[in-house]
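A.B. asks: this one's structure only:
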């Protein structure tokens, strides 16, 4: 029997073959298919981590913009103050 010979499977047999293939693929990627709740928890942790990092990046960017703005305003104020104090 070569690889191109058609075969007939019942729905149950086809479902079992597909489930085994998916199970093997996920196991090769390091996913325990017998404990899906644990995998869902891992994905939730990754989502939480991604959201936290995104928030930190946003806040860091705003902090840098605030520092630059404060520096420019301080430089302008010192320049203005020095210009006004000259006799």
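C.D. replies: Structure received. Only a predicted model underlies this, so the values are computations on that prediction, with no experimental measurement involved.

A.B. asks: the strands in this structure, which residues?
C.D. replies: Read by DSSP state E, the chain holds no strands at all.

A.B. asks: From residue 20, how far out is the closest residue to residue 27 other than its chain neighbours?
C.D. replies: Distances taken as CB to CB, 6 or more residues apart in numbering put residue 33 closest to residue 27, at 6.4 Å, once the chain neighbours are dropped. Any C-beta I mention is one placed from the backbone N, CA and C, and that applies to glycine too. Using CB to CB, to the nearest Å, we find residue 33 at a distance of 10 Å from residue 20.

A.B. asks: quick one, which of those two is more surrounded?
C.D. replies: Higher neighbour count among residue 33 and residue 20: residue 33, with 13 against 10, using other CB atoms under 10 Å.

A.B. asks: List the contacts of the more buried one.
C.D. replies: 22-23, 26-27 (CB atoms under 8 Å, 6 or more residues apart in numbering).

A.B. asks: Make a markdown table out of those and add distance to residue 73 and pLDDT.
C.D. replies: Output for these, formatted as a markdown table (distance: CB to CB, whole Å; pLDDT from 0 to 100):
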| residue | distance to residue 73 | pLDDT |
| --- | --- | --- |
| 22 | 60 | 95 |
| 23 | 62 | 93 |
| 26 | 56 | 91 |
| 27 | 60 | 91 |
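
A.B. asks: Could you pick out which of these are located in helices?
C.D. replies: 22-23, 26-27 (DSSP state H).

A.B. asks: quick one: low-confidence parts of this structure?
C.D. replies: Residues of the chain meeting the criterion pLDDT under 70: 1, 87.

A.B. asks: any idea how far the residue sitting nearest the centre point of it lies from residue 38?
C.D. replies: Nearest residue to the geometric centre of the chain (CA atoms, centre = their mean): residue 50, 4.3 Å. Residue 50 sits 19 Å away from residue 38, going by CB to CB.

A.B. asks: can you check residue 56 too?
C.D. replies: 27 Å.

A.B. asks: swap in residue 57?
C.D. replies: Taken as CB to CB, the span from residue 57 to residue 38 is 29 Å.

A.B. asks: picking up where we left off before, quick check, nearest of the ones in helices among the contacts of residue 33 to residue 63?
C.D. replies: residue 26 (41.6 Å; CB to CB).
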